[in-house]
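A.B. asks: Would you be able to build a 3D model of this:
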Amino acid sequence: MTRDDTIRMAREAGWKYADGDDGYAPLWEFGVLLEAKVRKECAELCRAEANGRSPLAFDALHECADLILEGYEE
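C.D. replies: Purely as a prediction, here's the structure:
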């Protein structure tokens, strides 16, 4: 999700915090944190689902988790 996406969605939701895009900085930071949290939870679901699967499914689910987290791991 881009900064512009976050601002657009905030405006659609009626965000009236400030005029101009600079007033959206705290919201942008919130969006970044939220996206990282959602990505982490999705990756954890993939990894949990991999347990007890065939080796091919296991590998595919772990690869999926890695792709979800790409560029977002702390």
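
A.B. asks: Where does residue 60 fall, secondary structure wise?
C.D. replies: helix 55-69 (DSSP states H and E).

A.B. asks: in that helix, what's buried?
C.D. replies: For helix 55-69, burial by neighbour count (16 or more other CB atoms under 10 Å) applies to 61-62, 64-65, 68-69. No exception for glycine: its C-beta is placed from N, CA and C like everyone else's.

A.B. asks: ok, now stretch 24-34?
C.D. replies: By neighbour count on 16+ other CB under 10 Å, the buried set for stretch 24-34 is 24, 27-28, 31.

A.B. asks: Nearest to residue 45 among those?
C.D. replies: residue 31 (21.2 Å; CB to CB).

A.B. asks: what ranges do the helices span in the protein?
C.D. replies: 3-12, 25-50, 55-69 (DSSP state H).

A.B. asks: With mean pLDDT added, can I get those in JSON lines?
C.D. replies: Shown next, in JSON lines, are these (pLDDT from 0 to 100):
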{"stretch": "helix 3-12", "mean pLDDT": "80"}
{"stretch": "helix 25-50", "mean pLDDT": "85"}
{"stretch": "helix 55-69", "mean pLDDT": "88"}
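
A.B. asks: quick one on the thing from earlier: tilt between the helix holding residue 60 and helix 25-50?
C.D. replies: Put simply, helix 55-69 runs at 170 degrees to helix 25-50, going by axes from the mean of the first three to the mean of the last three CA atoms, to 10 degrees.
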